[in-house]
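Q: Starting from these lines, generate the structure:
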Amino acid sequence: MTIKKRIAVSFVFMIVLPMLLMMLTGLFFQLYYSGSDFPADLSWRIHDRRMSHSGMPAGAAFFIAGTIVFLLAANAILSWTVSRSILRPLARLEAAALRIKEGDLSPDLSVHGRGGRQAGADEFGRVEASFEEMRQRLQETLRENMAEEEQRREMIAGISHDLRTPISAIKGYVEGLLDGVADTREKQDRYLHTIRGKAELLDRLIDDLSLYSGYETGTLTLDKTPMDFSSFLEETLDELAFDFPDLKMVHGEFDPINLDFDAQQFRRVVTNIVQNAARHAAPCTLRVTARTADSMATVILADDGPGIAEDDLPRIFERFYRADKARNQKTGGHGLGLSIAKMIVEAHGGKIRAESALGEGTRIILSLPLEPKRNG
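A: Just a heads-up that it's a prediction; the model follows:
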């Protein structure tokens, strides 16, 4: 029953009961003073009771007193019932609001009251249902904010480490040169080459951070050009084969694929994936195929390396995530390569995913939408 109906019924009873009792009282007195006008069974032997003719009859006094007590009791019960049905849900809402104010998002108002009535059965039920929905949204938002904050801390820690390591190395080698530790031409050349390599590493890291920031904030635009994607892919792989001799590049089947894409950014996608394979799987074979089906182009880069653990696989596209848990600078990796590849592919309207198992190698799969008029 809704609150309006409860209040209306209570007011009706508060009005009707006194009226009924007044009518009964009037009937009582009428029966008492003119009992002969009524049937004998209705006058219930009023004239057999010998009462004093002075003052109010004792029966009438008791009847009126009982009527007053009954009215007071009935009104008290009705008032208590109505107020309880209103105050109890208000108390629950107040308690839940105070707990949420203190940061506790655990109170559950999905059930209205203890009687098992579902939320939404009346006005308070609908308020509680809305309150519960708000609580769940706040709880989900808090979880998301905590996850983002954790990722932000990891990102800052990752950037700090990846910047500090090459800078420390550069400082050490420069001090060695200044202090005369490199006392031969051969040592000096080695020190200088190392300094240049660390500087290039810093340059790549800053470039990747700038690119990542641009994609994340939406300020970086793509320079798309219609091209033969298959030819572009084969040329890029041939160039990378010289940079990563430990990877045996194998060209699989390549269907003719025409796409509008940013060649510079997609070169970065392929490079980052190949670099990741060289870092974690080499020496190994990297087989690449590019096929078309169902208005989609699918590129698969599959290596026969050690594979990725099941717990790490869902996170390899996260920024600064490393499956080996060690920030090793030997190959220049900094944990942004695959996350940048993912952002570039998605900016082209495509998707990227990974399939892997320990001891079975890894497959990176790119799916890109085709333009029907140009590919069919």
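Q: Run through the helices of the stretch 201-350 of the chain in chain order.
A: Assigned by DSSP state H, counting those that start in this stretch, the stretch 201-350 of the chain shows helices spanning 229-243, 263-280, 337-347.
Q: separation between residue 353 and residue 251?
A: For residue 353, the distance to residue 251 equals 22 Å [C-beta to C-beta, to the nearest Å]. (Each C-beta comes from the backbone N, C-alpha and C, glycine too.)
Q: typo on my end, it should be residue 125
A: From residue 125 over to residue 251 (counting by C-beta to C-beta), the distance is 66 Å.
Q: If you count surrounding residues, which of these two has more?
A: Using other C-beta atoms under 10 Å, the more surrounded residue of residue 125 and residue 251 is residue 125, with 20 against 14.
Q: Mind telling me what element that one is part of?
A: Using DSSP states H and E, residue 125 maps to helix 123-178.
Q: okay if I get the helices of the stretch 201-350 of the chain as JSON lines plus mean pLDDT and distance to residue 85?
A: What follows is those, written out as JSON lines (pLDDT from 0 to 100; distance: least, C-beta to C-beta, whole Å):
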{"stretch": "helix 229-243", "mean pLDDT": "90", "distance to residue 85": "69"}
{"stretch": "helix 263-280", "mean pLDDT": "89", "distance to residue 85": "64"}
{"stretch": "helix 337-347", "mean pLDDT": "90", "distance to residue 85": "54"}
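Q: how about these, which one is nearest residue 135?
A: helix 337-347 (32.8 Å; C-beta to C-beta).
Q: Neighbouring strands of the next helix or strand after that closest one in the sheet, and parallel or not?
A: Sequence order places strand 351-356 as the next helix or strand after helix 337-347, per DSSP H and E. Each strand paired with strand 351-356, and its direction, by DSSP bridges: strand 362-369 (antiparallel).
Q: Alpha carbons of the strand it pairs with, as CSV, please.
A: Provided in CSV are the C-alpha atoms of strand 362-369 (Å, rounded to 0.1, in the frame of the first residue of the first chain):
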residue,chain,number,x,y,z
THR,A,362,52.4,-16.0,-29.0
ARG,A,363,50.0,-14.7,-31.7
ILE,A,364,49.3,-11.0,-32.0
ILE,A,365,46.2,-10.5,-34.1
LEU,A,366,45.2,-7.2,-35.7
SER,A,367,41.7,-6.8,-37.2
LEU,A,368,41.0,-3.8,-39.5
PRO,A,369,37.8,-2.8,-41.2
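Q: just the angle between it and helix 229-243, please?
A: Angle of strand 362-369 versus helix 229-243, following axes from the mean of the first three to the mean of the last three C-alpha atoms, to 10 degrees, is 150 degrees.
Q: Next, the buried residues of strand 362-369.
A: 362, 364, 366, 368 (16 or more other C-beta atoms under 10 Å).
Q: Dump the residues you listed to CSV, plus pLDDT.
A: Shown next, in CSV, are the buried residues of strand 362-369 (pLDDT from 0 to 100):
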residue, pLDDT
362, 92
364, 94
366, 95
368, 93
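Q: Pull out the buried positions in stretch 184-202.
A: 191, 194, 195, 198, 201, 202.
Q: nope, stretch 353-364 is what I meant
A: 354, 356, 361, 362, 364.
Q: mind checking the end-to-end distance for it?
A: Start to finish, the residues bounding stretch 353-364 are 6 Å apart (C-alpha to C-alpha, to the nearest Å).
Q: Any stretches of the protein with poor pLDDT?
A: 1-19, 21-22, 25-64, 67, 71, 75, 82, 107-124, 322-334, 372-376 (pLDDT under 70).
Q: Between strand 362-369 and the longest strand along it, find me the angle.
A: Longest strand in the chain by number of residues, with DSSP state E as the criterion: strand 284-293. Compare the direction of strand 284-293 with that of strand 362-369 by the same axes, to 10 degrees and you get 20 degrees.
Q: Within the sheet, what are the partner strands of strand 284-293, with directions?
A: As assigned by DSSP bridges, strand 284-293 forms pairs with strand 247-254 (parallel), strand 296-303 (antiparallel).
Q: Go through the first one and flag the buried ones.
A: Read that as strand 247-254. Those would be 247, 249, 254, for strand 247-254 by 16+ other C-beta under 10 Å.
Q: still on that earlier bit, so which bits of the longest strand of the chain are buried?
A: 284, 285, 286, 287, 288, 289, 290, 292.
Q: Stretch 153-171 too?
A: Buried, per 16+ other C-beta under 10 Å, within stretch 153-171: 155, 158, 159, 162, 163, 165, 166, 169, 170.
Q: ok, now how distant is residue 272 from residue 313?
A: 17 Å.
Q: With mean neighbour count and distance to residue 142 added, can I get the helices of the stretch 201-350 of the chain in JSON lines?
A: Shown next, in JSON lines, are the helices of the stretch 201-350 of the chain (neighbours: other C-beta atoms under 10 Å; distance: least, C-beta to C-beta, whole Å):
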{"stretch": "helix 229-243", "mean neighbour count": "16", "distance to residue 142": "43"}
{"stretch": "helix 263-280", "mean neighbour count": "20", "distance to residue 142": "34"}
{"stretch": "helix 337-347", "mean neighbour count": "21", "distance to residue 142": "25"}
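Q: Out of those, flag the one nearest residue 218.
A: It's helix 337-347; of the helices of the stretch 201-350 of the chain, that one is closest to residue 218 (C-beta to C-beta) at 9.6 Å.
Q: Pull the distance from the closest one to the chain's centre.
A: 22 Å (C-alpha atoms, centre = their mean, to the nearest Å).
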